[in-house]
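Enquirer: the following comprises the amino acid sequence and a computationally predicted model.
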Amino acid sequence: MKNPQNYWYVAITYRKERMIKEELDKMNIKNFVPFRETVVERNGKKIKLTKLVIPGYVFIYTDRRQSIELTQKLNFSMRYLKEPNTYQPVTVPEKQMQDFIFLLTFPEEQTELVPCNLKHGDKVRIIKGVFAGIEGELIRMKGHKRVVVRLESVAALATTYIPASFLERIDEPEK
């Protein structure tokens, strides 16, 4: 019998991200909630806070059968983001998800959450610098070259300015 294929499913919830993450962690199910450490100033003191980058989203690495069971097991209102044309659950490829998670480890000054309805540009790979190995789409934003890692229909994260010499084009295979 063939092993079921795991994918990153995109669960949607309302203000239950942390609770769902805790439950998934207890069940030893790989998951990711996009949090980012930020420093804010309150009453003259700098305080470190963890804030949600994309409120309402929990990424769950599982197979199709378990993804369905989870919506019934977890006592929270949670559903999966669906593709608009097929109504199939949105899944994110492993490499895209890992690149997205990696970019969120950088401070806000170095990456920026951007709308995902950007025009598609060239597929590129960053070959030098702190973002080396990241693959995404080349865009111009605020007059600078940036690379966007897009989780289709979910979110997109853009790097800061990337010099052209740090990029190589990835040729898409012929269809």
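Expert: It's in. Quick caveat, the model's predicted, so the values are computed rather than measured.
Enquirer: setting the sequence-adjacent residues aside, check what's closest to Glu17.
Expert: Spatial nearest neighbour of Glu17, excluding adjacent residues (C-beta to C-beta, 6 or more residues apart in numbering): Val33 at 4.9 Å. Every C-beta, even on glycine, is put in place using the N, C-alpha and C of the backbone.
Enquirer: where does that neighbour fall, phi/psi-wise?
Expert: Per-residue torsions, Val33: phi -120, psi 120 (degrees, to the nearest 10).
Enquirer: secondary structure class for Thr86?
Expert: Three-state call for Thr86 (DSSP: H, G, I helix; E, B strand; the rest coil): coil.
Enquirer: residues touching the spatially most central residue of the chain, list them.
Expert: A centroid search over the chain (C-alpha atoms, centre = their mean) returns Phe100, at 4.5 Å, as the residue closest to the centre. By C-beta atoms under 8 Å, 6 or more residues apart in numbering, the contact set of Phe100 is 34, 92, 149, 151, 155, 157.
Enquirer: looking at those, state which has the most neighbours.
Expert: Counting neighbours by other C-beta atoms under 10 Å, Leu157 comes out on top of these with 27 neighbours.
Enquirer: tell me which element that one is part of?
Expert: Assigned by DSSP states H and E, Leu157 falls within strand 155-159.
Enquirer: hey, where'd the helices end up in this protein?
Expert: Ranges of helices in the chain, per DSSP state H, are 17-26, 64-73, 94-103.
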